[in-house]
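Colleague: I'll drop the sequence and a predicted model, then ask my questions.
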Amino acid sequence: MPSERRPRLTPPIADVRRAVRGVLVPREDAPLALVALSGGADSLALAAGAAFEAPRAGWRAGAVVVDHGLQPGSSQQADAAASVARELGLDPVLVVRVDATAAPGGAGPEGAARAARYAALDAAARDAGAELVLLGHTLDDQAETVLLGLARGSGTASLAGMPPRSGPYARPMLGIRRATTRQACLDAGLAPWDDPHNVDPAYARVRVRERVLPALEDELGPGVAEALARTAEQLREDEQAFAEQIDEFIEEICEPAEAGIAVSVAALAANPAALRQRIIRHVVASEFGVALTRRHTLEVARLVTGWHGQGPIDLPGCRAERVGGRIEFTAR
């Protein structure tokens with residue numbers, strides 16, 4: 001039964017509801033949105049916001065709780081989060097148990113847990129017929145993502161951070177600070193769960209959250225997190241513009257090759273380096289499902305800009321070779 005709790009409307013609660021409202025465009029066919037709920041302050045505030053806003057926009061709101069099984073009592077915590085979701089009036093409420101103890105493909109425990117979580121969310125959304133899955137990432141999460149990308153020397157795609165919308169996934173709260181979601185929970189009489197992993201300095205993201213961002217704020221003044229989030233937004237706009245340019249003419253400069261695809265050397269040479277290298281990455285990713293590193297991308301680009309008769313280049317999952325006026329990418 002939905003709870004009869006009617007919290008006083010405070011600015012934090014209003015901020016969260018407004019963010020959710022921006023994602024749940026009014027509909028008449030009652031589609032389903034599932035909140036990815038951990039029980040933490042961010043996802044709990046999101047769940048409460050969705051429970052309030054969804055019926056007013058003609059949506060149904062449910063929740064999916066993923067139990068990673070990574071710590072003692074995780075099963076009980078997952079059940080407790082599901083119970084709160086039901087009290088909020090969310091329906092359906094799904095609890096999915098996954099095995100995230102192994103690290104497939106050398107991804108490490110964080111990568112393994114993330115892969116298991118998204119696989120579970122994908123399956124839950126598919127089985128429930130959900131059109132949207134709402135994720136509780138905040139502005140702070142976005143700022144941390146940008147800093148981690150900088151530290152790893154990632155390209156603009158990584159520095160662009162998390163998109164507000166990607167396929168069925170929506171992140172309504174990327175403009176809201178973590179302190180706001182916690183206060184929204186307190187104002188609504190909801191008790192969030194604090195995951196011990198979120199304060200474990202063994203994880204790079206926790207060190208960024210607990211040490212690096214506060215140090216930057218101390219040395220540079222307030223507003224660093226907001227500035228990083230703005231940077232991510234601007235880079236996403238740039239990435240989108242490049243993607244649209246590539247989509248416009250990629251078919252004109254590519255042609256089939258034996259066991260692969262070929263790209264015109266003249267077309268690559270005629271474009272600036274930034275666009276040329278994006279074309280190379282796009283072609284390899286589309287044809288072979290492989291994300292090239294910058295080092296690999298530059299090696300391929302030298303077949304265009306620094307051609308001295310060098311031989312084929314072995315890449316992850318494929319090989320690049322200059323053959324006449326073409327760069328041929330073939331499966332290995």
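Modeller: The structure has been received and is ready for your questions. In this text the structure is predicted, and so the values were computed from the model without any measurement.
Colleague: can you give me the strands for the chain?
Modeller: Here the chain has its strands, by DSSP state E, at 32-36, 60-67, 93-97, 132-134, 165-166, 169-170, 254-257, 260-264, 313-315, 318-323, 326-331.
Colleague: poorly predicted segments of the stretch 101-250 of the chain, please.
Modeller: 101-109, 154 (pLDDT under 70).
Colleague: mean pLDDT lowest for which of the strands of the chain?
Modeller: With a mean of 91, strand 254-257 has the lowest mean pLDDT of the strands of the chain.
Colleague: next, the buried residues of that one.
Modeller: 254, 257 (16 or more other Cβ atoms under 10 Å). C-beta coordinates here come from the backbone N, C-alpha and C atoms, glycine included.
Colleague: what angle sits between the longest helix along the chain and strand 260-264?
Modeller: The helix that spans the most residues within the chain, counting by DSSP state H, is helix 224-253. Between helix 224-253 and strand 260-264, the angle comes out at 90 degrees (axes from the mean of the first three to the mean of the last three Cα atoms, to 10 degrees).
Colleague: grab the nearest non-local neighbour of residue 146.
Modeller: Using Cβ to Cβ, 6 or more residues apart in numbering and skipping residues adjacent in sequence, the residue nearest residue 146 is residue 228, 4.5 Å away.
Colleague: got a list of what that neighbour touches?
Modeller: 142, 143, 146, 147 (Cβ atoms under 8 Å, 6 or more residues apart in numbering).
Colleague: I'd like those residues as CSV, with distance to residue 202 and neighbour count appended.
Modeller: As requested, the contacts of residue 228 are arranged in CSV below (distance: Cβ to Cβ, whole Å; neighbours: other Cβ atoms under 10 Å):
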residue, distance to residue 202, neighbour count
142, 22, 26
143, 21, 27
146, 21, 25
147, 18, 21
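Colleague: which of the residues you listed sits closest to residue 265?
Modeller: Checking those against residue 265 with Cβ to Cβ, the nearest one is residue 146 at 35.3 Å.
Colleague: who touches the closest one in this structure?
Modeller: Here residue 146 is in contact with 159, 161, 228, 229, 231, 232 (Cβ under 8 Å, 6+ apart).
Colleague: swap in residue 264?
Modeller: Applying Cβ under 8 Å, 6+ apart, we find residue 264 in contact with 253, 254, 325, 326.
Colleague: may I ask which two of the residues you listed are separated the most?
Modeller: 254 and 325 (13.1 Å).
Colleague: what about residue 17, neighbour count?
Modeller: A count of nearby residues for residue 17, using other Cβ atoms under 10 Å, gives 21.
Colleague: my read: it touches residue 54, true?
Modeller: No. Using Cβ atoms under 8 Å, residue 17 is not in contact with residue 54, being 10.7 Å away.
Colleague: quick check: of the contacts of residue 264, which lies closest to residue 193?
Modeller: The closest of those, once distances to residue 193 are taken by Cβ to Cβ, is residue 254, at 50.2 Å.
Colleague: now the residue nearest the centre of the chain: how far from residue 87?
Modeller: Compute the mean C-alpha point of the chain, and by Cα atoms, centre = their mean the closest residue is residue 162, 4.3 Å away. Per Cβ to Cβ, to the nearest Å, residue 162 is found 29 Å from residue 87.
Colleague: ditto for residue 295
Modeller: As judged by Cβ to Cβ, residue 295 and residue 87 stand 52 Å apart.
Colleague: touching, residue 171 and residue 145? I think so.
Modeller: No. Look at residue 171 against residue 145 with Cβ under 8 Å: they stay out of range, at 11.2 Å.
Colleague: tell me which residues in stretch 192-210 are buried?
Modeller: For stretch 192-210, burial by neighbour count (16+ other Cβ under 10 Å) applies to 192, 193, 195, 197, 203, 205, 208, 209.
Colleague: hang on, the earlier thing: quick one: common contacting residues for residue 171 and residue 145?
Modeller: Residues touching both residue 171 and residue 145 by Cβ under 8 Å, 6+ apart: residue 162.
Colleague: which residues in the stretch 1-150 of the chain form helices?
Modeller: 11-21, 41-53, 74-88, 108-128, 139-151 (DSSP state H, counting those that start in this stretch).
Colleague: quick one on the thing from earlier: inside helices: which ones of the buried residues of stretch 192-210?
Modeller: residue 205.
Colleague: okay if I get the buried residues of stretch 192-210 as CSV plus distance to residue 58?
Modeller: Below are the buried residues of stretch 192-210 laid out as CSV (distance: Cβ to Cβ, whole Å):
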residue, distance to residue 58
192, 29
193, 31
195, 33
197, 37
203, 40
205, 37
208, 39
209, 37
